[in-house]
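Asker: Show me the folded form of this:
(chains A, B, C and D)
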Protein chains: 2
Amino acid sequence: MPGGLSKEELFTPRQQQVLTAALDLLVEQGDRLTMTSVARRAQCSKETLYKWFGDRDGLLTATVQWQALKVRVPQVDRRKLDAPSLRASMEQFARDLLTTLCGDVSITLNRLAITHAAGEGSGLGAIVLENGPLAIRLRLKPVLEAGRDARLIRFEQTEEAYRSFYGLVVRDAQIRLLLGEAHRPEAREINADAARAVEQFLKLYGTGPLA
Amino acid sequence: MPGGLSKEELFTPRQQQVLTAALDLLVEQGDRLTMTSVARRAQCSKETLYKWFGDRDGLLTATVQWQALKVRVPQVDRRKLDAPSLRASMEQFARDLLTTLCGDVSITLNRLAITHAAGEGSGLGAIVLENGPLAIRLRLKPVLEAGRDARLIRFEQTEEAYRSFYGLVVRDAQIRLLLGEAHRPEAREINADAARAVEQFLKLYGTGPLA
DNA sequence: GCCGAACCGTAACGTACGGTACGGTGATGG
DNA sequence: CCATCACCGTACCGTACGTTACGGTTCGGC
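Answerer: You can find the predicted model right below:
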C-alpha cells in the first residue's frame, strides 16, 4: 500500500518477535493455532497479546500485514530497454512470482485469508488480495508499459496484458497447491516455467519477430 | 471418478435432501455451519446425521462428493473436426469452466476444501482437486488430442497444452474470488474472455494461419 | 530504596459446539 | 393390537478455546 508505514514504525521489535512466532505456528499447524500456543512460543503472556492486538483476529491480521510489509518492490530501469533486457526482467519477475506462490508462507497465508473470506469480516481476504494479486499487478505494470513505450510489446489495456501474463505463469499451480497437492516444483522447473511463460507472452504480445 | 457410483446409488432421496440443505448452508455461511443448523434446515435430527454420516467431517465430505457427482462430462465428437468446430468446442469449454468457477457453489466448496487442506486429513482437498482441476484436465485432454490428430494444433505434451489453456482462461480470476473480491463477471464478459483465451491459445499452439 | 509501568505465567470463566442419550411418533408387518 | 423400525426433537455432556483476572517479576525514573 503506497504511503504505508514501514514495519519498524508499525511494530516494536518485541512485537515482531511475537508476529514471527505466530507466523511460524501458522505455517506449522494452519489457523487452528491457539492464543495459548502463540504466547508459549513467543514467551509472552496472553494478556500482552490481547493488549497489543485486541483479539485473535487482530493478531492474525497483524501477522498478515507484517508479512505483507516484507515484500519489497524492485524498480525497473526504464532506460536502455531492449528486447533481451525486457525478456530478462519478465523472466525474473515470473521466477519471483512462482517461487513466492509455491512457498509455505504464501500457501499458508492465502489459505488463511480464503478461510476468513468465507466468514463475515474478510478483512484478511482484502489484505492478502491487495498484497497478492493486486500488488503483483502494480509491480508488473511499469515493466509492461516500459516495454510498450519501447515498442517491444503491444497491447490495448495494461490490465489485459497483465492478466494474461499472470495466467501463463501461474496456470493451475496455485490452486492445486492450496488444495493440498504435495508436489512442489524445484528451482529448475520454476526456471523452465518462467522462460516458457515469457516466451508465450512475447509470442502473443511481442512486436518483433518473436521479440 | 470413472467407475464411481451414481448419486442415486450412493444416497437415498432423503439423504440428498439433507445434503442439499448442508450445501445451501455452506454457501450462506461458510463452513461454520453447525450440525444443529443442518438438522434444523433439513428437518431431521442430529442423531440421524451422525448415524448417516458418522461425524461432521463425514457430512462435509459427503456433501462435496455428492456435488461432484452432479458434474457431467459431455463427450467430444471426434469426427468432422475442422478449425471452426475445434474453436467452438474450446470456447464452449472455456465458458463452462469460467461460469462454474465463478459460481457460488464452486467458490464455497473450494474455500471449504482449502480450509481443510490446511489441517491434517485433507480428504476434502483431494476430492475437490480430483473433481476440479484434474477433472478439467481429463475433459479437455480428448479435445486437445483430437485437434492435434486433425493437425489443427501442435504440442509436445498434452499436459503442457492443457495447463497453458487453463492459465489463459482462468488467469487470476479464481484466486481473487476466493479471496473475497466482490466482482462477478457477467455472461458477456465470460463470453469475451473465453473467445480471447481460445484466440490466444490458437495463436500459441495453432498450425494454420491463426487457425 | 520506592513507585508505577510493562510484562510474564497461570488460573479461572463463559460459551459455543461436536457428539450422545432418550422419549415420542408415524409407518409397516404379522 | 402389538412389535419393530426409522426417524424427529430436545435435553444433556464434555471439552476446547477465546477472553479475563490476578499475583509476581523486572526495570526505568526520582
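Asker: tell me the mean pLDDT over stretch A:71-88?
Answerer: Stretch A:71-88 carries an average pLDDT of 78.
Asker: Also stretch A:125-138?
Answerer: Over the span of stretch A:125-138, the pLDDT mean works out to 87.
Asker: ok, now stretch A:19-31?
Answerer: Mean predicted confidence for stretch A:19-31 is 93.
Asker: Now do that stretch: everything it contacts.
Answerer: A:11, A:33, A:37-38, A:41-42, A:59-60, A:62-63, A:66-67, A:104-105, A:108-109, A:111-112, A:115, B:118-119 (CB atoms under 8 Å, 6 or more residues apart in numbering or on different chains). Where you see a C-beta, it was placed from the backbone N, CA and C, and this is true even at glycine.
Asker: Now restrict the residues you listed to buried residues only.
Answerer: Neighbour counting over the contacts of stretch A:19-31 (16 or more other CB atoms under 10 Å in any protein chain shown) leaves A:11, A:33, A:38, A:41-42, A:59-60, A:62-63, A:66-67, A:108-109, A:111-112, A:115, B:118-119 as the buried ones.
Asker: what are the phi and psi angles of the residue nearest the centre of chain A?
Answerer: When CA atoms, centre = their mean is applied to chain A, the residue found nearest the centroid is residue A:132 (4.1 Å). Phi and psi for residue A:132, reported as degrees, to the nearest 10, are phi -100, psi -110.
Asker: quick one: contacts for it?
Answerer: Contacts of residue A:132 (CB under 8 Å, 6+ apart): A:106, A:110, B:175, B:179.
Asker: which one of those is nearest DNA strand D?
Answerer: Using CB to the nearest atom of the strand, residue A:110 comes nearest to DNA strand D of the contacts of residue A:132, at 20.0 Å.
Asker: Contact residues of chain A facing DNA strand D?
Answerer: A:32, A:34, A:35, A:36, A:45, A:46, A:47, A:50, A:55, A:56 (CB under 7 Å from any atom of the strand).
Asker: Greatest separation within those: which pair is it?
Answerer: Greatest spacing in those, by CB to CB: A:32 and A:47 (22.0 Å).
Asker: Could you rank the contacts of residue A:132 by neighbour count and give me the top one?
Answerer: Most neighbours among these, by other CB atoms under 10 Å in any protein chain shown: residue B:179, with 25 neighbours.
Asker: Show me how the record splits chain A into domains.
Answerer: A:7-70, A:83-205 (automatic domain parsing).
Asker: Contact residues of chain A facing DNA strand C?
Answerer: A:14, A:39, A:43, A:44, A:45, A:46, A:47, A:48, A:51.
Asker: Touching, the fifth one and residue A:35? I think so.
Answerer: No: using CB atoms under 8 Å, residue A:45 is not in contact with residue A:35, being 10.3 Å away.
Asker: So between these two, which is more surrounded?
Answerer: residue A:35 (15 against 11).
Asker: Report pLDDT for the more buried one.
Answerer: With respect to pLDDT, residue A:35 scores 93.
Asker: Name all residues that make contact with it.
Answerer: A:46, A:49, A:50, A:56, A:59.
Asker: Buried among these? Need that as a selection in PyMOL.
Answerer: Under the burial definition 16+ other CB under 10 Å, those of the contacts of residue A:35 that qualify are selected in PyMOL by:
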select buried, chain A and resi 49+59
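Asker: Kindly indicate which of the contacts of residue A:35 lies nearest DNA strand C.
Answerer: Comparing the contacts of residue A:35 against DNA strand C with CB to the nearest atom of the strand places residue A:46 closest, at 4.4 Å.
Asker: Excluding sequence neighbours, find me the nearest residue to the closest one.
Answerer: residue A:39 (4.7 Å; CB to CB, 6 or more residues apart in numbering or on different chains).
Asker: what helix or strand is the one you found on?
Answerer: Per DSSP states H and E, residue A:39 falls inside helix A:35-42.
Asker: Show the subsequent helix or strand relative to that helix.
Answerer: helix A:46-53.
Asker: List every C-alpha atom in that next one, with coordinates, as PDB.
Answerer: Output of helix A:46-53 as PDB, limited to C-alpha atoms (Å, rounded to 0.1, in the frame of the first residue of the first chain):
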ATOM      1  CA  LYS A  46      -1.800 -13.900  26.700                       C
ATOM      2  CA  GLU A  47      -2.600 -10.700  28.400                       C
ATOM      3  CA  THR A  48       0.000  -8.900  26.400                       C
ATOM      4  CA  LEU A  49      -1.300 -10.500  23.200                       C
ATOM      5  CA  TYR A  50      -4.700  -9.100  23.900                       C
ATOM      6  CA  LYS A  51      -3.400  -5.700  25.000                       C
ATOM      7  CA  TRP A  52      -1.400  -5.400  21.700                       C
ATOM      8  CA  PHE A  53      -3.700  -6.900  19.200                       C
END
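Asker: other SSEs contacting that helix?
Answerer: helix A:13-29, helix A:35-42, helix A:56-70 (3 or more CB pairs under 8 Å, 6 or more residues apart in numbering or on different chains; DSSP states H and E).
Asker: show me where pLDDT drops low in chain A?
Answerer: Along chain A, segments meeting pLDDT under 70 span A:1-9, A:72-79, A:121, A:209-211.
Asker: any chance of the residues of chain A next to DNA strand C in TSV, with distance to residue A:199 too?
Answerer: TSV is the format used below for the residues of chain A next to DNA strand C (distance: CB to CB, whole Å):
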residue	distance to residue A:199
A:14	48
A:39	50
A:43	50
A:44	50
A:45	55
A:46	53
A:47	56
A:48	52
A:51	54
